[in-house]
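Participant: Got a sequence here, can you model it:
(chains A and B)
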2 protein chains.
Amino acid sequence: MSDAPSAAEEIMDGVYSALRAHGYADLTMQDIADECSKSKSLLHYHYDTKEDLLVAFLDYVVTDSEERIAARADDPPVERLVQFVGWFVFAPDEADREAFHIALLELRTQGPFNERIREQLARSDRLLRGTVADILGDGIDAGVFRDVDAEETAALLVATLDGARTRQITLAGAGRDDDAAGYTREVAEATLRRIVGPLLADGVELPPLDESIDALRGDADPDESVDDDGAAGRSTDPGE
Amino acid sequence: MSDAPSAAEEIMDGVYSALRAHGYADLTMQDIADECSKSKSLLHYHYDTKEDLLVAFLDYVVTDSEERIAARADDPPVERLVQFVGWFVFAPDEADREAFHIALLELRTQGPFNERIREQLARSDRLLRGTVADILGDGIDAGVFRDVDAEETAALLVATLDGARTRQITLAGAGRDDDAAGYTREVAEATLRRIVGPLLADGVELPPLDESIDALRGDADPDESVDDDGAAGRSTDPGE
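Facilitator: Model (predicted):
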């Protein structure tokens, strides 16, 4: 709880920056060391292998997501659901965030071949689906959602938002495709109208998507957002 | 239209097999040559670089999808829509198909950095979204679908099915996660109930998903399915 980031946090920021700059496939321990101004031998002191470090990074990203979700647990269920949808929306100028998610998508393709990576992906999947199911359960109890199948709805919503993100980041390149740049927003809006809307009890309305987009991104623990150049941004994503 | 596959078709089969066996990142021209029993120099005679060959392969996969979709264009719109959803469902024993899609996902992560790959991905995206929009338009004209926003629904459906596939193939590994193995089926069923169901005009019913799952996979041009060992399987997928 000190103001200065710990060595582990600085290293995680370095992984985040290195993934954005170099992608996953060609990433070296030296790239990461350069990004966090540590020596390669110090990295190896903490993490035996690059795999160890990347697994620790995934663990860090998922834990951060858990904390962001927990921090919003007392918001009204309808708002939490729109916040969750908005979390996946990319603004048009978020090239850095897209680059990070491309690297993360490369890392995800290692899931079938690497049990430790797959365990983190499965943990993230349980977190994301469990969050939606919890929100729906709370909302059903509160009378703001109809009595829907929360597990099915959660699987549907998480797949939809993940798919929109994957399509946006893979289709958008240097010669940027306008359609692709708006993929996550278009699908988020359709999700609210077509999947979430019919769940609402009579008289309940959704808050505007724009007001909710930054909710899970903007309110990091202040200790985590000291770094202006993207260290806070590192952990603003549903990271699987 | 001869019975014997052309050299180009044999090479494309080789790329398909090599991607399944080796993945994308470490794939070599020699791996592909080995899989199609051609010499590496013959491959280089047809394709200057590995990139040229992979772009040609993506072109081949998207063209095959176009042909499969066109072959079903006279089916009733409601059946075509369920066929489209079923196309993305993995049966529990389709490890080869999952391996192919993992390699394809790796290839998709190159989209932002490679304009020729990105062009093929964008072409596939237009095909998939355009297909759903066409089906909905035909069904609205025929009075079997309500008057919905076809473009919005298409973006939503394609994102949802792509996301389910990505989650299934990245979460399922050697130590297979039962939840993950059923991801595409669970989401396909939810899609039909929650997104497609509300589009139906009064009295219109959906055919069972199981009857439609093989529609876009099983009826390849007979000339294309001579090869029992997976050459037909190569082209059974919505390939982006």
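
Participant: Nearest to chain B: which residue in chain A?
Facilitator: Distances from chain A to chain B, computed as CB to the nearest CB, single out residue A:163 as the nearest residue at 2.6 Å. Yep, even glycine has a C-beta here, placed from its N, CA and C like the rest.

Participant: In the top helix by length along chain A, which residues are buried?
Facilitator: Of all the segments assigned as helix in chain A under DSSP state H, the longest by residue count is helix A:115-142. Residues of helix A:115-142 classed as buried: A:117-125, A:127-129, A:131-136, A:138-140 (neighbour count, 16 or more other CB atoms under 10 Å in any protein chain shown).

Participant: And for stretch A:160-176?
Facilitator: If you call a residue buried by 16+ other CB under 10 Å, then stretch A:160-176 has these buried ones: A:160-173.

Participant: Let me know the secondary structure of residue A:205.
Facilitator: Going by DSSP: H, G, I helix; E, B strand; the rest coil, the secondary structure assigned to residue A:205 is coil.

Participant: Tell me the predicted confidence for it.
Facilitator: Reading off the confidence values, residue A:205 has pLDDT 96.

Participant: Neighbours of it, how many?
Facilitator: Counted with other CB atoms under 10 Å in any protein chain shown, the neighbours of residue A:205 add up to 9.

Participant: From residue A:160, how far out is it?
Facilitator: When CB to CB, to the nearest Å is the yardstick, residue A:205 and residue A:160 sit 21 Å from each other.

Participant: Residue A:41 too?
Facilitator: Residue A:41 sits 45 Å away from residue A:160, taking CB to CB as the criterion.

Participant: Now do the longest helix of chain A: which elements does it pack against?
Facilitator: Packed against helix A:115-142, as judged by 3 or more CB pairs under 8 Å, 6 or more residues apart in numbering or on different chains; DSSP states H and E, are the following elements: helix A:50-71, helix A:77-87, helix A:95-108, helix A:150-171, helix B:150-171, helix B:178-181.

Participant: Let me see the backbone angles for residue A:200.
Facilitator: phi -70, psi 140 (degrees, to the nearest 10).

Participant: you'd agree it is up against residue A:148?
Facilitator: No. Because the distance of 10.3 Å does not satisfy CB atoms under 8 Å, residue A:200 is recorded as not touching residue A:148.

Participant: In contact with residue A:121, which residues?
Facilitator: Listed by CB atoms under 8 Å, 6 or more residues apart in numbering or on different chains, the contact partners of residue A:121 are A:58, A:108, A:111, A:240, B:170-171.

Participant: Okay, now the unreliable bits of chain A?
Facilitator: In the predicted model of chain A, residues A:1-3, A:173-180, A:218-240 satisfy pLDDT under 70.

Participant: The residue of chain A closest to chain B: what's its closest spatial neighbour, skipping adjacent residues?
Facilitator: The spatial neighbour of residue A:163 that comes closest, neighbours along the chain excluded (CB to CB, 6 or more residues apart in numbering or on different chains), is residue B:163 at 2.6 Å.

Participant: isn't that neighbour right next to residue A:155, touching?
Facilitator: No. In this structure, residue B:163 sits apart from residue A:155 without contact. The criterion is CB under 8 Å, and the distance is 9.9 Å.

Participant: Give me the common contacts of the two.
Facilitator: Shared contacts of residue B:163 and residue A:155, defined by CB under 8 Å, 6+ apart, comprise residue B:187.

Participant: about what we covered before: surely the residue of chain A closest to chain B touches residue B:157?
Facilitator: No. The pair residue A:163 and residue B:157 fails to qualify as a contact (CB under 8 Å) at a distance of 9.6 Å.

Participant: Pretty sure residue A:145 sits against residue A:201.
Facilitator: Yes. Residue A:145 is in contact with residue A:201 according to CB under 8 Å; the separation is 6.3 Å.

Participant: The two: which is more packed in?
Facilitator: The residue with more neighbours, out of residue A:145 and residue A:201, is residue A:145; 23 against 14, by other CB under 10 Å.

Participant: who does that one bridge with?
Facilitator: Beta bridges link residue A:145 to residue A:200, judged by DSSP bridges.

Participant: Run through the residues that contact it.
Facilitator: Shown in contact with residue A:145 (CB under 8 Å, 6+ apart): A:77-78, A:136, A:139, A:199-201, A:204.

Participant: can stretch A:73-87 be found next to chain B?
Facilitator: No. Using CB under 8 Å from any CB of the partner chain, stretch A:73-87 never reaches chain B; the gap is at least 12.2 Å.

Participant: Kindly export that stretch (C-alpha atoms) in CSV.
Facilitator: Backbone C-alpha positions of stretch A:73-87 (Å, rounded to 0.1, in the frame of the first residue of the first chain) are rendered in CSV as follows:
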residue,chain,number,x,y,z
ALA,A,73,-20.2,-5.2,-6.6
ASP,A,74,-22.4,-2.7,-4.7
ASP,A,75,-23.6,-0.9,-7.8
PRO,A,76,-27.1,-1.6,-9.0
PRO,A,77,-27.3,-4.8,-11.1
VAL,A,78,-28.5,-3.1,-14.3
GLU,A,79,-25.7,-0.7,-14.2
ARG,A,80,-23.1,-3.4,-13.5
LEU,A,81,-24.3,-5.3,-16.5
VAL,A,82,-24.0,-2.3,-18.8
GLN,A,83,-20.5,-1.6,-17.3
PHE,A,84,-19.5,-5.2,-18.1
VAL,A,85,-20.6,-4.8,-21.7
GLY,A,86,-18.9,-1.4,-22.0
TRP,A,87,-15.7,-2.8,-20.6
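
Participant: Could you measure from residue A:198 over to residue A:153?
Facilitator: Taken as CB to CB, the spacing of residue A:198 relative to residue A:153 amounts to 10 Å.

Participant: Kindly report the same for residue A:89.
Facilitator: Relative to residue A:153, residue A:89 is positioned 19 Å away (CB to CB).

Participant: Tell me which of the two has more neighbours.
Facilitator: residue A:89 (25 against 22).

Participant: anything in contact with each of residue A:198 and residue A:153?
Facilitator: A shared contact of residue A:198 and residue A:153, defined by CB under 8 Å, 6+ apart, is any residue touching both; here these are residue B:194.

Participant: follow-up on the earlier one: okay if I get the helices and strands packed on helix A:115-142 as JSON lines plus distance to residue B:25?
Facilitator: Written out in JSON lines, the entries for these read as follows (distance: least, CB to CB, whole Å):
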{"stretch": "helix A:50-71", "distance to residue B:25": "14"}
{"stretch": "helix A:77-87", "distance to residue B:25": "29"}
{"stretch": "helix A:95-108", "distance to residue B:25": "8"}
{"stretch": "helix A:150-171", "distance to residue B:25": "16"}
{"stretch": "helix B:150-171", "distance to residue B:25": "15"}
{"stretch": "helix B:178-181", "distance to residue B:25": "22"}
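
Participant: Might you report the residue contacts of the residue of chain A closest to chain B?
Facilitator: With CB under 8 Å, 6+ apart as the criterion, the residues that contact residue A:163 are A:187, B:158-164, B:166.

Participant: Out of the residues you listed, which comes closest to residue B:98?
Facilitator: Of all the contacts of residue A:163, residue B:98 sits closest to residue B:166, with 11.1 Å by CB to CB.

Participant: Which residues are in contact with the residue nearest to that closest one when sequence neighbours are not counted?
Facilitator: In space, and not counting its chain neighbours, residue B:166 is closest to residue A:166: 5.6 Å by CB to CB, 6+ apart. Applying CB under 8 Å, 6+ apart, one finds that residue A:166 lies in contact with A:105, B:108, B:162-163, B:166.

Participant: Fine by me, we can end here.
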